[in-house]
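Asker: Provided below are the primary sequence and the corresponding predicted coordinates.
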Amino acid sequence: MEPVTEPSRIRNFSIIAHIDHGKSTLADRLLERTGTISQRDSTAQILDSMELEREKGVTIKAKAVRMVYNYSPPNTPLSQLGRGAGGEVYELNLIDTPGHVDFAYEVSRALVACEGALLVVDAAQGVQAQTLANLYNAIENDLTIIPVLNKIDLPNAEPERVAEELARIVGFSMDEMIYASAKEGTGTDAILQAIVERIPPPRGNPDAPLRALIFDSKYDSYKGVLTYVRVVDGAIKPGRALRLMATDKRIEPVEIGIFTPALEPVEALATGEVGYVATGLKSVREARVGDTLTDDARPATEALHGYRAAKPMVFAGLYPAQATDYNLLRDALEKLHLSDAALTFEPESSIALGFGFRCGFLGLFHMEIVRERLEREYDLTLIFTAPSVEYQVTKTDGKELVIDNPADLPPPNEIAEIREPWVDISIVLPDRFVGAAMELTINRRGVYKRMEYLDISGPSSATGERRDADSAPSSVRPEPAEGRVIAKGEARVLLEYHVPLAEILTEYYDQLKSRTQGYASLDYALTGYEPARLVKLDVLVNGQPVDALTLIVHPEEAQSKGRELVEKLRRLIPRQLFDVPIQSAIGGKVIARETVRAMRKNVLAKCYGGDVTRKRKLLEKQAEGKKRMRRVGNVEIPQEAFMAVLSLER
């Protein structure tokens, strides 16, 4: 069956969902039903080709695939299927989006390339935090949304309750809901028909100068950078030079093609179509997500709206466990950067850890993925320092600084103002855990914004009024959470807080899951920088500052954090032949101290009687040696000590 290129027969859509709501499994069923992949070649999560994606059950990189669908209108007689009006052929372009909040920018670019989206909601778990975040993103881009209630085959599924919840929150009518089970294939035909009937065809001018949106890119060893594009105006034809409008770089395409989902070369990509352009470039940094591709000989005057560079939000030091592996680590980072433009790195050195790199990540999950890829694919043993955020500092002389390493913070007398990044977080959880979540967030300097009951059964459902935070339950009932499925009739709550990003970097999500028995879901969005009272907490081991253990903290937390940190280090640093003092200090003021006591050699063992002066001479000689050793001794700090800052209790 030949692909159709008439714009009226093209449908571009995406699938948006919270993690583990069945998005990748539904994509598999759509590919099988349209014959894009055969039953024999089918594997679970076929679009998630990376090993880590399959292992963690989450899409990390955006994917695209073209399906050819033989559409039959409802109530078509079996004798007419596949013929004439009863078998119209449509080209369906699925742009699969990443499933984690760290890759929200890739999700937003993918949605811009579509006219519609399937909103997949677990019929047992209901609406979650990222469900709402991705939904609002789709609404802002004016997409047609098709609600799909997935996993209706589960014994604890409540599709009617979840449907009423969606109808109340978003305004869907009950007739719009599609009930499906991606695992069993139920509802697949209804979804395909809804895509054709409800999602509008792409808009664009075939005669206008070429404008194609790059919604993703990856590196290919043979073809250079592959840019995933959606053609908005004009057409991409072979043999014609192109230009990237944001970087103003001229390219000569090596190949033009589509995803089936394998790479398949084609003669051209017309208006409304989705495909790839093999640019021959050597770095994905030159072909950034969100850029506009245009014709070099007949360029467009205006780029497509919405381009911005992906900006790292979390920074950490990365060092090889063996100093001799430094060059191997540098080569591995350079190769990894070829396929991940969001990863940034620059060389840095530490007194304690030697030579390494300061790396920037989109978030903690992105940092975890990079670490595992470096260790698995390049066989490296690495030391990561505690993650930090980027601070804006105004000095007393008016100079502006951007600090991503706490050790680089100037002395207090040189600082006029410090600004730290803040985020708006959304937490969706059962109402019996509201008190625990509020307490945790307030302890992280969170500022309450609002609380809303999502369910029909909630106290505010009848009037639509939001319940005030003061009336929230303050205790948690210790009920079991088998399968993490909300009990029938239990109200669910949306909590919104304004929180410093640094406060939710380490352990916040783990503690939130722990306090809510795994029920809570979290989403966050950066809002900007705000002034803050912050100080630099230094750690001195044997009188020498250890830059890799430096923290930037709020003054009210400095005393407790400093005391806890030196206590942890005292247990982790091995004993030496001399006393090792461990101190935490703010500026020149020591606020906490612990001592690793020296191991003592029994120098009197060889004395069998004799005068006491002989024993005294031996002890004095030992004491002098310990003093000299303390001056020149080198204390090796184990890797566990650098991770101690990640587990400081609140």
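Answerer: That came through, no problem.
Asker: mind listing what the residue nearest to Ala502 when sequence neighbours are not counted touches?
Answerer: Using Cβ to Cβ, 6 or more residues apart in numbering and skipping residues adjacent in sequence, the residue nearest Ala502 is Val389, 4.8 Å away. (Each C-beta comes from the backbone N, C-alpha and C, glycine too.) Each residue near Val389 by Cβ atoms under 8 Å, 6 or more residues apart in numbering is listed here: Met313, Val314, Phe315, Asp404, Glu420, Pro421, Leu501, Ala502, Leu505.
Asker: May I ask which of those residues has the most neighbours?
Answerer: Counting neighbours by other Cβ atoms under 10 Å, Ala502 leads the contacts of Val389 with 25 neighbours.
Asker: Leu551 versus that residue, what's the distance?
Answerer: Computed as Cβ to Cβ, to the nearest Å, the Ala502 to Leu551 distance reads 9 Å.
Asker: got any residues that touch both of these two?
Answerer: Between them, Ala502 and Leu551 share the contacting residues Ser388, judged by Cβ under 8 Å, 6+ apart.
Asker: helix or strand right after the helix or strand of the chain with the lowest mean pLDDT?
Answerer: Taking mean pLDDT, DSSP states H and E as the measure, the helix or strand of the chain with the lowest value is helix 51-56, at a mean of 52. Using DSSP states H and E, the helix or strand that follows helix 51-56 towards the C-terminus is strand 63-71.
Asker: Quickly run through the sheet partners of that following strand, with directions.
Answerer: Pairing partners of strand 63-71, with direction, according to DSSP bridges: strand 88-96 (antiparallel).
Asker: pLDDT of the partner strand, averaged?
Answerer: Confidence for strand 88-96, expressed as mean pLDDT, is 88.
Asker: residues of that strand that come out buried?
Answerer: Neighbour counts over strand 88-96 (16 or more other Cβ atoms under 10 Å) mark Tyr90, Glu91, Leu92, Asn93, Leu94, Ile95, Asp96 as buried.
Asker: Please enumerate residues in contact with it?
Answerer: Residues from elsewhere that reach strand 88-96 (Cβ under 8 Å, 6+ apart): 1, 3-5, 9-15, 23-24, 27, 30, 34, 47, 59, 62-72, 110, 113-114, 192, 195-196, 215, 230, 273-274.
Asker: swap the cut-off to 7 Å and go again
Answerer: Residues from elsewhere that reach strand 88-96 (Cβ atoms under 7 Å, 6 or more residues apart in numbering): 1, 3-4, 9-15, 27, 30, 34, 47, 59, 62-71, 110, 113-114, 195-196, 215, 274.
Asker: Make a PyMOL selection of the buried ones in those.
Answerer: Command for PyMOL that selects the buried part of these, burial taken from 16+ other Cβ under 10 Å:
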select buried, resi 3+4+9+10+11+12+13+14+15+27+30+34+47+59+62+63+64+65+66+67+68+69+70+71+110+113+114+195+196+215+274
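Asker: Give me the distance between the residue nearest to Ala502 and Leu143.
Answerer: 32 Å.
Asker: what about Glu184, helix or strand, and which?
Answerer: Under the assignment here (DSSP H and E), Glu184 is part of no helix and no strand.
Asker: Strands along the stretch 351-500 of the chain, start to end?
Answerer: 354-361, 382-384, 391-395, 400-403, 415-430, 447-453, 492-500 (DSSP state E, counting those that start in this stretch).
Asker: which stretch in those strands is the model least sure about?
Answerer: strand 382-384 (a mean of 84).
Asker: List the pairing partners of it within its sheet, with orientation.
Answerer: Its sheet considered, strand 382-384 pairs with strand 314-320 (antiparallel) by DSSP bridges.
Asker: got the CA positions of stretch 377-384 in CSV?
Answerer: What follows is stretch 377-384, C-alpha atoms only, in CSV (Å, rounded to 0.1, in the frame of the first residue of the first chain):
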residue,chain,number,x,y,z
GLU,A,377,28.8,1.5,27.5
TYR,A,378,32.3,2.7,28.3
ASP,A,379,33.1,0.4,31.3
LEU,A,380,34.1,3.3,33.6
THR,A,381,34.1,3.5,37.4
LEU,A,382,33.0,7.1,38.3
ILE,A,383,32.6,9.4,41.3
PHE,A,384,29.7,11.8,41.2
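Asker: Could you give me the buried positions within it?
Answerer: Buried-residue list, stretch 377-384, by 16+ other Cβ under 10 Å: Tyr378, Leu380, Leu382, Ile383, Phe384.
Asker: And these, which is closest to Ala436?
Answerer: Ranked by distance to Ala436 (Cβ to Cβ), these are led by Phe384 at 29.6 Å.
Asker: what's the burial count for the residue nearest to the closest one when sequence neighbours are not counted?
Answerer: In space, Phe384 comes closest to Ala316 once its chain neighbours are excluded; the distance is 5.4 Å by Cβ to Cβ, 6+ apart. With neighbours defined by other Cβ under 10 Å, the count for Ala316 comes to 21.
Asker: contacting residues for Ala316?
Answerer: Cys359, Met367, Phe384, Thr385, Pro387.
Asker: if you set the cut-off to 8 Å instead, what comes out?
Answerer: Contacts of Ala316 by Cβ under 8 Å, 6+ apart are Arg358, Cys359, Phe361, Met367, Phe384, Thr385, Ala386, Pro387, Ser388.
Asker: Scan the residues you listed and report the most crowded one.
Answerer: Of the contacts of Ala316, with other Cβ under 10 Å as the count, Thr385 tops at 27 neighbours.
Asker: Nearest spatial neighbour of it, chain-adjacent residues omitted?
Answerer: Per Cβ to Cβ, 6+ apart, closest to Thr385 is Gly317, 3.8 Å.
Asker: now the one you found: how far from Gly185?
Answerer: Taking Cβ to Cβ, one finds Gly317 at 48 Å from Gly185.
Asker: which one of those two has more residues nearby?
Answerer: Gly317 (23 against 15).
Asker: The more buried one touches Leu353, doesn't it?
Answerer: Yes: under the criterion of Cβ atoms under 8 Å, Gly317 makes contact with Leu353 at 7.2 Å.
Asker: shared neighbours of those two, which are they?
Answerer: What both Gly317 and Leu353 touch, as defined by Cβ under 8 Å, 6+ apart, is the set Thr385, Ala548.
Asker: What about Thr441, how many residues nearby?
Answerer: Neighbours of Thr441 using other Cβ under 10 Å come to 22.
Asker: correction: Ala520
Answerer: 24.
Asker: List the contacts of Pro320.
Answerer: Taking Cβ under 8 Å, 6+ apart, one finds Tyr326, Leu328, Leu329, Gly356, Leu380, Thr381, Leu382, Ile383 in contact with Pro320.
Asker: at 10 Å what do you get?
Answerer: 326-330, 332, 353-357, 380-383 (Cβ atoms under 10 Å, 6 or more residues apart in numbering).
Asker: Over to Asp523?
Answerer: Under the criterion of Cβ under 10 Å, 6+ apart, the neighbours of Asp523 are 18, 101, 104, 128-134, 136, 423-428.
Asker: again, but for Leu242
Answerer: 210, 212, 227, 229, 236, 249-253, 256, 277, 279, 293-297, 299.
Asker: Nice, that's everything, thank you.
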